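Asks: How does the following fold in three dimensions:
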Amino acid sequence: MLIPRKRSSHKGDNGVVLIIGGSEDYIGAPALVGMSALAVLRSGADLVYVAAPEKVAWAINRIAPDIITRKIKCRNFSQKNVTEVLKLAKNADVIEIGNGISLESGKFMQEIIKKVNKPLVIDAAALRVIRLQDVKNAVLLPHAKEFEALLKNSRLTRKSVQKHLNNNILVIKGHPKTVIMSKNKTAINTAGNAGMSHGGTGDVLAGIVAGLLAQGNDPFTSAKVAAYVNGRAGELLYKKLGFGYLASDLVKTFPSILKKYQKIK
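Replies: Down below sits the predicted model:
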């Protein structure tokens, strides 16, 4: 069960997330980052900020008025932007990084991940440029190819990776099962279907995880619940739309599934 929300809570008490994402070289970046940001809010967190290259941030603003952007003056993130973004991170409870970022920004992502002293959700491009040994207090969300890159960079095997997780959580996305593991525990999620291969479904999952983490839930629980509600939303949408559903449909559907885990005290 998730941590109950206090009846007397005020804006900001239920979690603030900073998403670091986007690239002018990646035309789909605004949509991907926007879907993730909306998923943060739909999971119950109070506020989501997106730090993105300036033109990308303006495009994200057109997706929904609920998303607050911080416009970084660059085409793509570089090491010159590290100090500015780290200052923004100080005001967030959870940092999500990787969605819609170009691999050209690898050094930037590596520095942010090493230096930020907050719980992390690491997804997409960021998974291809890091070593597991350099990560702490994070939920990592690789699909099959990203997992291969993470193992190669970390010089680990699938069999050995779990014992090197330390305080991190690994979510290996896939169908018919998604594997969620900590150093000492493993859970299997079978909710979902082949329609979740659509672009953006993983970004939605990252947003749910970040939102649940920001509300004070432990990383393993956040990852398990997020994987289930995202997959279950896909199942319900398949019954209505077949494989024609989109990531934006997931964002609209999963809150009603997540509701059964949410309580007020």
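
Asks: For the rest of this, base every contact and every neighbour count on C-alpha atoms.
Replies: OK.

Asks: counting residues per helix, which one in the protein is longest?
Replies: Criterion DSSP state H: the longest helix present in the chain is helix 219-241.

Asks: What helices and strands are in contact with it?
Replies: strand 138-140, strand 169-172, strand 178-181, strand 186-189, helix 201-214, helix 247-258 (3 or more CA pairs under 8 Å, 6 or more residues apart in numbering; DSSP states H and E).

Asks: Next, the angle from that helix to helix 247-258.
Replies: Following axes from the mean of the first three to the mean of the last three CA atoms, to 10 degrees, one obtains 120 degrees for the angle between helix 219-241 and helix 247-258.

Asks: Surely residue 129 touches residue 106?
Replies: Yes: here residue 129 reaches residue 106: they are 5.8 Å apart, a contact under CA atoms under 8 Å.

Asks: Distance to residue 113 and mean neighbour count added to the helices and strands packed on helix 219-241, as TSV?
Replies: Listed next are these as TSV, based on distance: least, CA to CA, whole Å; neighbours: other CA atoms under 10 Å:
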stretch	distance to residue 113	mean neighbour count
strand 138-140	9	26
strand 169-172	15	23
strand 178-181	20	21
strand 186-189	24	16
helix 201-214	15	30
helix 247-258	26	20
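
Asks: Out of those, the one nearest residue 97 is which?
Replies: Among these, the nearest to residue 97 by CA to CA is helix 201-214 (9.3 Å).

Asks: distance between that closest one and the chain's centre?
Replies: Distance, stretch centre to chain centre, for helix 201-214: 4 Å (CA atoms, centre = their mean, to the nearest Å).

Asks: One more: stretch 109-128?
Replies: The chain centre lies 11 Å from the centre of stretch 109-128; the measure is CA atoms, centre = their mean.

Asks: Next: stretch 235-249.
Replies: Relative to the chain's own centre, stretch 235-249 is displaced by 21 Å; criterion: CA atoms, centre = their mean.

Asks: for the record, mean pLDDT for it?
Replies: For stretch 235-249, mean pLDDT is 96.

Asks: Could you tell me the end-to-end distance of that stretch?
Replies: 12 Å (CA to CA, to the nearest Å).

Asks: and what of stretch 165-177?
Replies: Start-to-end, stretch 165-177 (CA to CA) is 20 Å.

Asks: Now do it, average pLDDT.
Replies: Stretch 165-177 shows a mean pLDDT of 96.

Asks: contacts for that stretch?
Replies: 132, 135-144, 147, 178-183, 188-194, 219-220, 223 (CA atoms under 8 Å, 6 or more residues apart in numbering).

Asks: Would you check that residue 35 makes contact with residue 206?
Replies: No: between residue 35 and residue 206 there is no contact under CA under 8 Å: 9.7 Å.

Asks: roughly how far apart are the residue nearest the centre of the chain and residue 184?
Replies: In the chain, the centroid-proximal residue (CA atoms, centre = their mean) is residue 206; its distance is 2.2 Å. In this view, residue 206 and residue 184 are 22 Å apart by CA to CA.

Asks: next one: residue 132
Replies: For residue 132 relative to residue 184 (CA to CA), the value is 16 Å.

Asks: The two: which has the busier surroundings?
Replies: residue 132 (21 against 10; other CA atoms under 10 Å).

Asks: tell me the contacts of that one?
Replies: Residues in contact with residue 132 (CA under 8 Å, 6+ apart) are 150, 154, 164-165.

Asks: now, which of the residues you listed lie within helices?
Replies: Within the contacts of residue 132, residues falling in helices by DSSP H are 150, 154.

Asks: which of the contacts of residue 132 tops the neighbour count?
Replies: The residue in the contacts of residue 132 with the most neighbours, by other CA under 10 Å, is residue 150 (23 neighbours).

Asks: Which per-residue confidence value corresponds to that one?
Replies: pLDDT at residue 150 comes out at 98.

Asks: Can you give me the distance of it to residue 33?
Replies: Distance from residue 150 to residue 33, by CA to CA: 22 Å.

Asks: how about residue 173, phi and psi?
Replies: Backbone torsions of residue 173, given as degrees, to the nearest 10, read phi -70, psi 140.

Asks: start at 56 instead
Replies: With the count now opening at 56, the last piece we talked about shows up as residue 228.
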